[in-house]
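[1] Take this sequence and fold it.
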Amino acid sequence: MLLNLFFLDRRELGIIYIGQGNINVEFFSDSDENPALFYLNLTPAHKAFPTKKIRKNDVETIELGSPDTANARTLRKYIVNSVVDVCQLQMGMTTIKPGSSWNTMPAHVHDRRMEVYFYFEVHPDQAVCHFMGEPQETRHIWMGNNQAVISPSWSIHSGSGTSNYSFVWGMAGENLDYGDMDHCKINELK
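    Numbers count the residues shown, from 1 in each chain. Here you go, the predicted structure:
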């Protein structure tokens, strides 16, 4: 028996958003000298929703943090259930402001979803130290420009850069409540 399946037959794709069921998806670059970069998040889907182009003025934008705690940043929620219908994919982008370094502090975990960070706009001679692991037994990994790291649901995810940077965050799981997270007290992290 031959199954006629296609890439998005049972998945939804975040390219900041292509819904389940789309057969033809093409990527191209306008310039060979300066090629486009594509970062995609893909999750299983149980229902088809229409493809929606989400423009910068359609997103939920939140100013967070403070220069006093070195975490002044702009968070943009592109693919969340208050902006677009999704099965379990959520995506957005955070930009760290000049003079700040922390992207998420206090760190937190999500019991019912995992998260991926894709770091970009990291200057060539700079880096981001990404923290992960259980709150009482954290580890770190040094990240450069255009690199991604996966944090399972039991792992914290937080980072601090040697200069400002940006990252795309993607979450997958059955819990679409963006604010559902368990914060870890800063002075209890180990």
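[2] Name all residues that make contact with the residue nearest the centre of the chain.
    Closest to where the C-alpha atoms of the chain average out (Cα atoms, centre = their mean) is W169, at 0.8 Å. By Cβ atoms under 8 Å, 6 or more residues apart in numbering, the residues touching W169 are 91-94, 115-118. Just so you know, the C-beta spots here come from the backbone N, C-alpha and C atoms, and that holds for glycine as well.
[3] Tell me the buried residues within those.
    Among the contacts of W169, those buried by neighbour count (16 or more other Cβ atoms under 10 Å) are 91-94, 115-118.
[4] List the contacts of the residue lying closest to D111 once chain neighbours are set aside.
    Spatially, and ignoring its direct neighbours in sequence, D111 is nearest to S153 (5.9 Å; Cβ to Cβ, 6 or more residues apart in numbering). S153 makes contact with 109-114, 173, according to Cβ under 8 Å, 6+ apart.
[5] wait, which of these is closest to G179?
    Closest approach between the contacts of S153 and G179, by Cβ to Cβ: H110, at 10.4 Å.
[6] Any figure for the gap between that closest one and F38?
    Distance, H110 to F38, by Cβ to Cβ, to the nearest Å: 26 Å.
[7] Compare these two (neighbour count), which wins?
    Shown here are H110 and F38; by other Cβ atoms under 10 Å, H110 has more neighbours (22 against 9).
[8] any weak-confidence spans in this structure?
    1-5, 16-20 (pLDDT under 70).
[9] change it to 50
    Within the chain, no range satisfies pLDDT under 50.
[10] mind listing the strands for the protein?
    11-14, 41-44, 60-64, 73-79, 89-96, 108-109, 113-120, 128-134, 137-143, 147-151, 156-161, 166-173, 182-183 (DSSP state E).
[11] Which strands or helices does the first one pack on?
    Here strand 11-14 is seen to pack against strand 41-44, strand 89-96 when contacts are counted using 3 or more Cβ pairs under 8 Å, 6 or more residues apart in numbering; DSSP states H and E.
[12] Any chance of JSON lines for the ones you listed, columns distance to G159?
    Listed next are the helices and strands packed on strand 11-14 as JSON lines, based on distance: least, Cβ to Cβ, whole Å:
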{"stretch": "strand 41-44", "distance to G159": "18"}
{"stretch": "strand 89-96", "distance to G159": "9"}
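[13] What is the most widely separated pair among the contacts of S153?
    Most distant of those, by Cβ to Cβ, are V109 and G173, 11.8 Å apart.
[14] Looking at these two, which has the bigger crowd around it?
    V109 (20 against 17).
[15] now that one, which residues is it bridged with?
    Judged by DSSP bridges, the bridge partners of V109 are D182.
[16] just checking, it touches D182?
    Yes: if you go by Cβ atoms under 8 Å, V109 and D182 touch, sitting 5.2 Å apart.
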